[in-house]
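Asks: okay, predicted coordinates and the sequence, questions at the end:
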Amino acid sequence: MLLERSAFFSKEECNEIILLCEKFGIKPLHKIDAYNKWDNLKIHNEEFKSRILTRYKEVFSNNTIFPFDLNSISTNEIYLSLTRYYDGRFLEMHRDTSSDLTTVIVLTDDFNDGRFVLSEDKISIENKTYTESNLYTIQQGCGLTFNGGTIWHGVMPVNSGIRKSLNVWINPDSYKMHVSDTDVVAKTQKTFL
C-alpha cells in the first residue's frame, strides 16, 4: 500500500483555503445515504487549482519513490473538493472510481473524532468492522496520499465541531502506478499563498 504522510499547509493557509473553497466551490447534487453523509464543494477555479498543484509538486519534489512524473501533471488532470463532516456525519468505506492517487488534507482542528480509515480489505464504518490499526489521525495542514482506486478508505463520524478537508484526486491516465509499501514522515513546507 502506497501511503505518504506529508505537511502541506500552515494553520493560516488552511483558513485561507477554506475561504477560497467556500467562495469558488460548487455544491454537487447527491442524496444523503450511507455512502454520502457529508457535504462537499467541487472546486473548478483554474487559478486555485494551479496554486494547489504547485504546492503538491513542492511537497513531493524530493520524493524519489513517488509513482509518477510530477512535471507531467496539469490542472485539467486534478480534481479538488472541500468536504465537511459534522453532526455524526461520516463517509462509508469506498474506493475511488475516478482517481488512483488520492490526497486528503485536513484543514481544521476543532472537531472530535473524524479519523481517517484505510484498509486493503472491504470493511465497514457503519457496521463497525474496522480495528484501531485502520484509523489515522490527520493533523491540521497535513495529508495522507494513497492509491485511492485500490485502497478502501472513509471517515469516522464527527461527534462535535466541523471537520473540513481538501481532497485532491489525480486522473489515473496521467501516470503509471508502481507498487510500494512505504510510509514517509511529514516534512516542513514553504508558505502557500
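Replies: Noted; the coordinates are in hand. Numbers count the residues shown, from 1 in each chain.
Asks: where do the strands of this structure begin and end?
Replies: With DSSP state E, the ranges of strands along the chain come out as 3-7, 39-43, 78-85, 91-94, 101-106, 111-113, 116-119, 135-136, 142-147, 152-155, 158-161, 163-170, 183-184.
Asks: tell me the centre residue of this protein?
Replies: V104 (1.3 Å; CA atoms, centre = their mean).
Asks: tell me how far it lies from Y136.
Replies: 9 Å (CB to CB, to the nearest Å). Bear in mind the C-beta positions are built from the backbone N, C-alpha and C, glycine included.
Asks: shared neighbours of these two, which are they?
Replies: F116, L144 (CB atoms under 8 Å, 6 or more residues apart in numbering).
Asks: from I170, how far off is the residue lying farthest from the centre of the chain?
Replies: Going by CA atoms, centre = their mean, the residue of the chain most distant from its centre is N127, 23.2 Å out. Between N127 and I170 the distance, using CB to CB, works out to 31 Å.
Asks: equivalent analysis for E58, please.
Replies: On the measure of CB to CB, E58 and I170 end up 16 Å apart.
Asks: neighbour count for these two, which is higher?
Replies: Legend: neighbour count by other CB atoms under 10 Å for E58 and I170, higher for I170 (23 against 14).
Asks: find the nearest non-adjacent residue to the more buried one, please.
Replies: Sequence neighbours aside, L101 is the residue nearest to I170 in space, at 4.3 Å (criterion: CB to CB, 6 or more residues apart in numbering).
Asks: do T150 as well
Replies: Spatial nearest neighbour of T150, excluding adjacent residues (CB to CB, 6+ apart): R95 at 6.6 Å.
Asks: I figured the one you found hits D121, correct?
Replies: No. Using CB atoms under 8 Å, R95 makes no contact with D121, being 11.4 Å away.
Asks: now for those two: what residues contact both?
Replies: Taking CB under 8 Å, 6+ apart as the contact criterion, the residues that touch both R95 and D121 are W152.
Asks: those two: which is more packed in?
Replies: R95 (15 against 9).
Asks: would you quantify the distance from that one to L118?
Replies: For R95, the distance to L118 - CB to CB - is 11 Å.
Asks: please apply the same query to E46.
Replies: Taken as CB to CB, the span from E46 to L118 is 31 Å.
Asks: got the phi and psi for the residue farthest from the centre of the chain?
Replies: Here is the backbone geometry of N127 (degrees, to the nearest 10): phi -90, psi 0.
Asks: could you do the one 4 residues further on as well?
Replies: In terms of degrees, to the nearest 10, the main-chain angles of T131 are phi -120, psi 170.
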